[in-house]
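Trainee: Would you be able to build a 3D model of this:
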Amino acid sequence: MARDVLSIGQVRIHSGSATREEAMKEAADILEAVGAVTSAYFDAMQQREETVSTYMGNELAIPHGTNETKSTILASGLSVVRYDGGVDWGGEPVTFVIGIAGKGDEHLEILSQIAILFSEEDEVATLKGVQTPEELFALVSAAGV
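Mentor: From the prediction side, this is the model:
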């Protein structure tokens, strides 16, 4: 990647659960806090979710905006949040919520790296087993994200 899209401050672990809306809001808030998106990005995520679920399988959801809301993205960025209590994502069980904002087409490369990381159940089990945001950040970063 041309610039780091993920820093330790954008990785969180929660022991409890959240609603899908709460999880999307946190994903958007983290991206907004680092200057990747405007405050309108949460609405863009909700619009996307209304048309197509961003649930990807293997306990992963990747909320992101629509093509029509590209103007809300200021720079490419990621947020990674693990909810140990889980999130009901439209009837699907989600543990990992990875918020993504891609400037231009940069998000496509990021998405492919995340998809590879979460395609192996062993990898997902490892990601679920780490205790700290630092460990989670290290694993996700090592995957080339």
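
Trainee: State which strand of the protein is the longest.
Mentor: Looking across the chain with DSSP state E, the single longest strand is strand 77-89.

Trainee: ok, then the element right after that strand?
Mentor: strand 92-101 (DSSP states H and E).

Trainee: ok, and for that next one, which residues are buried?
Mentor: 94, 95, 96, 97, 98, 99, 100, 101 (16 or more other CB atoms under 10 Å). Just so you know, the C-beta spots here come from the backbone N, C-alpha and C atoms, and that holds for glycine as well.

Trainee: for the helix or strand bottoming out on mean pLDDT in the chain, the distance to its chain's centre please.
Mentor: None of the helices or strands of the chain scores lower by mean pLDDT, DSSP states H and E than helix 106-117, at a mean of 85. On the basis of CA atoms, centre = their mean, to the nearest Å, helix 106-117 sits 11 Å off its chain's mean C-alpha point.

Trainee: Equivalent analysis for stretch 62-75, please.
Mentor: How far stretch 62-75 lies from its chain's middle: 13 Å, per CA atoms, centre = their mean.

Trainee: Name the helix or strand for residue 29, please.
Mentor: Taking DSSP H and E as the definition, one finds residue 29 inside helix 20-33.

Trainee: List the buried residues in that helix.
Mentor: For helix 20-33, burial by neighbour count (16+ other CB under 10 Å) applies to 20, 23, 24, 25, 26, 27, 28, 30, 31, 32.

Trainee: Name the SS class of residue 35, please.
Mentor: Using DSSP: H, G, I helix; E, B strand; the rest coil, the secondary structure recorded for residue 35 is coil.

Trainee: Pretty sure residue 107 sits against residue 113.
Mentor: No. Residue 107 lies out of contact with residue 113 (CB atoms under 8 Å); the separation is 10.7 Å.

Trainee: higher neighbour count, those two?
Mentor: When neighbours are counted by other CB atoms under 10 Å, residue 107 and residue 113 differ, and residue 107 comes out ahead with 21 against 14.
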